[in-house]
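S.K.: I need the structure of the sequence given here:
(2 chains)
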Protein chains: 2
Amino acid sequence: MQNEFAVFAGDQHSKARHGRLTTAHGAIDTPAFMPIGTQGSVKGVSPRELRELNAQIILGNTYHLFVRPGLDVIKHFGGLHNFMGWDGPILTDSGGYQIFSLAKLSKITEEGVEFQNHIDGTRAFISPEIALEIQAALGSNVAMVLDECVPYPCDYDYAAKSAELTVRWAKRFKEAVEAGVSPANSKIAVDMPAATARQLVFGIVQGATFPDLRSESAQAIVELDFDGYAIGGVSVGEPEQEMMRAVESAEPFLPANKPRYAMGLGTPPQLLEMIARGMDMFDCVLPTRLARNGTAFTAIGTLNLKNAEFAPDKRPIEENCACEACRGFSRGYIRHLVKAEEILGLRLITLHNLHFYLNLMKRARSEIKNGTFDRFRKSFVTEYKTREAIEQS
Amino acid sequence: MQNEFAVFAGDQHSKARHGRLTTAHGAIDTPAFMPIGTQGSVKGVSPRELRELNAQIILGNTYHLFVRPGLDVIKHFGGLHNFMGWDGPILTDSGGYQIFSLAKLSKITEEGVEFQNHIDGTRAFISPEIALEIQAALGSNVAMVLDECVPYPCDYDYAAKSAELTVRWAKRFKEAVEAGVSPANSKIAVDMPAATARQLVFGIVQGATFPDLRSESAQAIVELDFDGYAIGGVSVGEPEQEMMRAVESAEPFLPANKPRYAMGLGTPPQLLEMIARGMDMFDCVLPTRLARNGTAFTAIGTLNLKNAEFAPDKRPIEENCACEACRGFSRGYIRHLVKAEEILGLRLITLHNLHFYLNLMKRARSEIKNGTFDRFRKSFVTEYKTREAIEQS
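M.R.: This next block holds a predicted model:
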């Protein structure tokens, strides 16, 4: 396949790299963080605010959109970009993760997965081919193959069999792409704008916490030649060390000229550790989910703004932060909003947290370019953890 | 008292007028609509969005702010403007309405009201003098006297006694103002910015649904000489005709050179009818409250965006509407957001509804200036009601 990814700079002391992925809706500078737009909206945030935050790509959850409003509606509106009023790049997942974690699972067979959705219990079936058709209908810029996500812990034999199934599904997914299923040429999506014609497709490495399975899975998936590669089945409850090892076992087999996406993680230090291990793209619910609970990210750890200590605090969430919340509002006011359950409270913390994650990626890119990433990572991780240690003591 | 209100134009066919009220934080063109910032935030909306909506004044609820976060906190932040990051005019109510409708009422005496708040049941006492002190501490630009709000229906004798008590309380409130209680010179608020030194004070006309009581109350309150006059105790469940009559009975006794504020109402047609009856200022929860329920205002009536008919609707909430929601989003997408309980849904409808109310006032001002208000009112009310009649048939 044609390569839309270019690496501009690499770190001498780690595997960190800075690159750019080009899509029909714009370019994404990596390392990149993707805010999650689960149901066609990044929770609490408008597309205009996402642009002001300089978010370069967002993630859409295929499963949620498939269940509600349904493909017919999104097709009718000409795809997900048009439907939600976001003209930047969108990556969609395959829906697999939510089917395995949210839906009532009926049966996994060689052919695909039967499930009942969590909203009204309607039965549905998804196969690798259908997962592609759905993402083609959504018109995302990056589609993910259908994979099986195993829980943690998982025994070796099941993990091995599951990783093999994921490889066979990835092969079928790729064959469907080659047979012409794309946003411009889909049985489901007949009237997609030409701009989304070339949908990138990422394969997913599985293998649970077993290094040899991770390595084998990576080799088999890379063999199929995708536009990018994701590490799936991480951050599902395993210890952080196991998570790092899963990535380290797969990474050496991933081609350097393709983007790597570590799925569904993590804390700010984890992101920097993943970047140091050669990962380029991330998505995580933490900045938006914790915001709705009154928790804000700062360079020295998280703040629970519900705490009484913040009631008279005239400082912004974080000194010198350039986000809209920190430019205009005090911790004391935001605490009041959170306690009074005013929507503006979670909006302001969400803006701050997304800014924090996006800005961390921007800083990482800059440090990689300057050849100082490794020092930055160590210092950031130390500062961040110190505060957590103080809070727990 | 010095007069901060100027009338620029009057309608030939009705009592409608266009004027301007000047405060330390800016001018308010009347007729004016005041979005309600109950707990120090207009629900779902940021101060920046309020400015973009061209809101010229907002209302703060003294009772809610007194209960949470409490006066100490707001004083610590230098008043309500600083606390919430809103630098435009603020009108505060006296807290009376919420004490009578939300709190557990203990006792009304000549001296004042004893109550237990609805959040944690703490006992508190409020008198006319304390109501002024609290509003001085909040540092609002317009303070309202403490009044007793009687429910509907209310018998004549009680309404008469209550209206007389409200007059005596208004007299004490005025005496406290003259004794020097103001944001710049308050026992509670010692460090208020000089800008809020001159706090306007509005008296409130009561008298329930009894025309003679309304007229007597208006005369007695006007006798005390306030910066403006409000009609209180309307829109509390009485038929619309009674509401109009209450205003019509008071209005002839209100001086033309002072602003008139019809409290806590109403639908778009009701606002125009009130303007035709000489009212200048309004506040109402409808645009924000209905938005949170998925209901949008349009020139031909309200739309319940939860309805299935809107799922494939590519039109904006209202064609040719200049609000942020209508410029960027379809009814179908907003319906999806509302059904999926995404915060962006209620945000967008709230922006539209506030724009609708604020724009209606702007249009009214323009029609008054052009001498065409009466025709506009009739045509608007007819269009709006037609649609409601269709929906109910």
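
S.K.: what's the spacing between stretch A:124-134 and its chain's center?
M.R.: Relative to its chain's centre, stretch A:124-134 lies at 20 Å (Cα atoms, centre = their mean, to the nearest Å).

S.K.: Repeat that for stretch A:90-110.
M.R.: How far stretch A:90-110 lies from its chain's middle: 16 Å, per Cα atoms, centre = their mean.

S.K.: check whether it contacts chain B.
M.R.: No. Using Cβ under 8 Å from any Cβ of the partner chain, stretch A:90-110 stays clear of chain B, coming no nearer than 13.9 Å. Where you see a C-beta, it was placed from the backbone N, CA and C, and this is true even at glycine.

S.K.: what about that stretch, how long is it end to end?
M.R.: End-to-end distance of stretch A:90-110 (Cα to Cα, to the nearest Å): 29 Å.

S.K.: likewise stretch A:29-45?
M.R.: 22 Å.

S.K.: any low-confidence regions in chain A?
M.R.: Low-confidence segments of chain A (pLDDT under 70): A:1-2, A:185-197, A:386-393.

S.K.: For the stretch 201-350 of chain A, what lies in contact range of chain B?
M.R.: So far as Cβ under 8 Å from any Cβ goes, the stretch 201-350 of chain A lies against chain B at A:311-312, A:314, A:324, A:328-330, A:332-333, A:336-337, A:339-340, A:342-348.

S.K.: Filter the residues you listed down to the buried ones, ChimeraX style.
M.R.: Per 16 or more other Cβ atoms under 10 Å in any protein chain shown, the buried members of these correspond to this ChimeraX selection:
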select /A:311,324,329,330,332,333,336,337,339,340,342,343,344,345,346,347,348
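
S.K.: In contact with the residue of the stretch 51-200 of chain A found nearest chain B, which residues?
M.R.: Going by Cβ to the nearest Cβ, chain B is nearest to residue A:69 of the stretch 51-200 of chain A, at 4.4 Å. Neighbour list for residue A:69: A:40, B:311, B:332, B:336, B:339-340 [criterion: Cβ atoms under 8 Å, 6 or more residues apart in numbering or on different chains].

S.K.: Among those residues, which one sits closest to residue B:159?
M.R.: Nearest to residue B:159, judged by Cβ to Cβ, of those is residue B:339 at 45.0 Å.

S.K.: Could you give the backbone dihedrals for that closest one?
M.R.: phi -60, psi -40 (degrees, to the nearest 10).

S.K.: about what we covered before: which ones among the contacts of residue A:69 are found in helices?
M.R.: Among the contacts of residue A:69, the ones falling in helices (DSSP state H) are B:332, B:336, B:339.

S.K.: now residue A:364, what's its secondary structure?
M.R.: Following DSSP: H, G, I helix; E, B strand; the rest coil, we place residue A:364 in the helix state.

S.K.: Could I get the contacting residues of residue A:73?
M.R.: By Cβ under 8 Å, 6+ apart, the contact set of residue A:73 is A:83, B:311-312, B:332, B:336.

S.K.: Same check on residue A:237?
M.R.: Neighbour list for residue A:237: A:151-152 [criterion: Cβ under 8 Å, 6+ apart].

S.K.: Could you do the one 10 residues further on as well?
M.R.: With contacts taken as Cβ under 8 Å, 6+ apart, residue A:247 has the following neighbours: A:231, A:234, A:262, A:274, A:277-279.

S.K.: from the residues you listed, which two are the most distant?
M.R.: The farthest-apart pair in these, when distances are taken by Cβ to Cβ, is A:234 and A:278, at 13.9 Å.

S.K.: So between those two, which is more surrounded?
M.R.: Remark: of residue A:234 and residue A:278, residue A:234 carries more neighbours, 28 against 21, as counted by other Cβ atoms under 10 Å in any protein chain shown.

S.K.: Work out for me the element the residue nearest to that one when sequence neighbours are not counted sits within.
M.R.: Nearest residue to residue A:234, sequence neighbours excluded (Cβ to Cβ, 6 or more residues apart in numbering or on different chains): residue A:243, at 4.9 Å. Element membership of residue A:243 [criterion: DSSP states H and E] is helix A:240-250.

S.K.: counting contacts, what elements does the strand or helix carrying residue A:158 pack onto?
M.R.: Using DSSP H and E, residue A:158 sits in helix A:156-178. With contacts defined as 3 or more Cβ pairs under 8 Å, 6 or more residues apart in numbering or on different chains; DSSP states H and E, helix A:156-178 has these neighbours: helix A:128-138, strand A:200-205, helix A:211-223.
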